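Trainee: predicted model and sequence below, questions to follow.
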Amino acid sequence: MAKALKREYVWLQCTECNDLNYRTTVNVQGGVPKIQLKKFCPRTRTRTVHKIKRK
């Protein structure tokens, strides 16, 4: 039997327009990591930094 993974869904929020554009899973065992990714923002139509936003 497989172990249950300790993963949680989080949103990636744009730092310029504050839209929640992407949803991904992160490993929450040992705390939630502080991830910053450059992703495409459809509203500003540029690549901007996105940070984790937990719901």
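Mentor: Ah, there it is.
Trainee: residue contacts, F40?
Mentor: Contact analysis of F40 by CB atoms under 8 Å, 6 or more residues apart in numbering lists N21, T46, R47. Every residue, glycine included, has its C-beta placed from N, CA and C.
Trainee: direction included, what does the strand or helix carrying the first one pair against?
Mentor: Okay, so that is N21. Element membership of N21 [criterion: DSSP states H and E] is strand 20-27. Counting by DSSP bridges, the strands paired with strand 20-27 are strand 7-14 (antiparallel).
Trainee: test my guess that R23 contacts L12.
Mentor: Yes: here R23 reaches L12: they are 7.4 Å apart, a contact under CB atoms under 8 Å.
Trainee: what sits closest to R43 if chain neighbours are left out?
Mentor: C17 (4.9 Å; CB to CB, 6 or more residues apart in numbering).
Trainee: what do you get for N27?
Mentor: Using CB to CB, 6+ apart and skipping residues adjacent in sequence, the residue nearest N27 is R7, 5.7 Å away.
Trainee: that neighbour: neighbouring residues, count only.
Mentor: Neighbours of R7 under the rule other CB atoms under 10 Å: 12.
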